[in-house]
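With the sequence up front, the predicted model follows.
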Amino acid sequence: KQEVTQIPAALSVPEGENLVLNCSFTDSAIYNLQWFRQDPGKGLTSLLLIQSSQREQTSGRLNASLDKSSGRSTLYIAASQPGDSATYLCAVTSYNQGGKLIFGQGTELSVKP
Amino acid sequence: DGGITQSPKYLFRKEGQNVTLSCEQNLNHDAMYWYRQDPGQGLRLIYYSQIVNDFQKGDIAEGYSVSREKKESFPLTVTSAQKNPTAFYLCASRRGGGANTEAFFGQGTRLTVV
């Protein structure tokens, strides 16, 4: 059974710092991994999708990497801003699972001015 | 604008009452999903549908029912059999069969039992 873990559960950094969020999964037989952002009381916003054949994806100040063999992904945020404060979730889609996403518990990020 | 619309944003249910949460998408996506989010427990899958007129139970389907009569609509009914329905409910969709494409989410419905 696929399990997804995100560490740390919460992170507080000063504005301008570069930071890394971690995501690990137990079964490497995945189609893809997706990173989301969730603001309090809101839905999920897709940030990056990495297919299993890819090593990384970039969007603006965000860079996500995938090491399928070791079951790890990282989300790198450069030059963090207070507006980056949110909960970040990763989710994987495994083979033979009907396309359902398996989520980690999320990392709550706070960027202090 | 293309996207997923969930309504209502807030919903209050009395004990023993059934309520229906709406999810509509105009993305022409085949696959649609319902998730439940509770504090400290992440997102858990309730039901999903990969094609019209077909759907499957997720990990926590007891006390819930769905229908998929139209491609763009996937309503979720929370029945009186669901003993702890207070939660944040999220609907999602994906293009095609849904396995290797990007998932998009609605803004959620917060259900509270009163």
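Received the coordinates, thanks. Numbers count the residues shown, from 1 in each chain, chains lettered A, B, ... in the order given.

When you work out contacts or count neighbours from here on, use the C-alpha atoms and nothing else.
Will do.

what residues does chain B put near chain A?
Residues of chain B found near chain A (C-alpha under 8 Å from any C-alpha of the partner chain) are B:33, B:40-45, B:48, B:50, B:90, B:97-100, B:102-108.

the strands in chain A, which residues?
Shown for chain A, the strands assigned by DSSP state E span residues A:4-7, A:10-14, A:19-25, A:30-38, A:44-51, A:56-59, A:62-67, A:72-77, A:86-94, A:101-103, A:107-112.

Now distance to chain B too, for the ones you listed, in TSV please.
Shown next, in TSV, are the strands of chain A (distance: least, C-alpha to the nearest C-alpha, whole Å):
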stretch	distance to chain B
strand A:4-7	10
strand A:10-14	12
strand A:19-25	14
strand A:30-38	6
strand A:44-51	6
strand A:56-59	13
strand A:62-67	15
strand A:72-77	17
strand A:86-94	7
strand A:101-103	6
strand A:107-112	11
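
Can you tell me which of the ones you listed is nearest to B:Phe55?
Closest of the strands of chain A to B:Phe55 is strand A:101-103, at 15.5 Å (criterion: C-alpha to C-alpha).

other SSEs contacting the closest one?
strand A:86-94, strand B:42-51 (3 or more C-alpha pairs under 8 Å, 6 or more residues apart in numbering or on different chains; DSSP states H and E).

about what we covered before: any of the residues of chain B next to chain A buried? List them.
Among those, those classed as buried by neighbour count (16 or more other C-alpha atoms under 10 Å in any protein chain shown) are B:33, B:43-45, B:48, B:50, B:90, B:97-100, B:102-108.

just checking, which of those residues belong to strands?
Filtering those for strands - DSSP E - leaves B:Tyr33, B:Leu43, B:Arg44, B:Leu45, B:Tyr48, B:Gln50, B:Leu90, B:Ala103, B:Phe104, B:Phe105.

What is the nearest of those to A:Ser52?
So of those, ranked by how close each gets to A:Ser52 (C-alpha to C-alpha), first place is B:Ala103, at 15.4 Å.

Name all residues that make contact with the closest one.
Listed by C-alpha atoms under 8 Å, 6 or more residues apart in numbering or on different chains, the contact set of B:Ala103 reads A:Ser46, B:Ala92, B:Ser93, B:Arg94, B:Arg95.

List just the nearest of the residues you listed to A:Gly99.
Closest to A:Gly99, out of all of these and judged by C-alpha to C-alpha, is B:Arg94, at 8.6 Å.

looking at the sheet around that closest one, what are its partners?
Taking DSSP bridges, one obtains B:Ala31, B:Ala103 as the residues bridged to B:Arg94.

just checking, it touches B:Met32?
Yes: counting by C-alpha atoms under 8 Å, B:Arg94 touches B:Met32, with 6.5 Å between them.

Out of those two, name the residue with the larger neighbour count.
Set B:Arg94 next to B:Met32 and count neighbours by other C-alpha atoms under 10 Å in any protein chain shown: B:Met32 wins out with 32 against 23.

wait, what's in contact with the more buried one?
B:Met32 neighbours (C-alpha under 8 Å, 6+ apart): B:Tyr48, B:Ser49, B:Gln50, B:Phe74, B:Cys91, B:Ala92, B:Ser93, B:Arg94.
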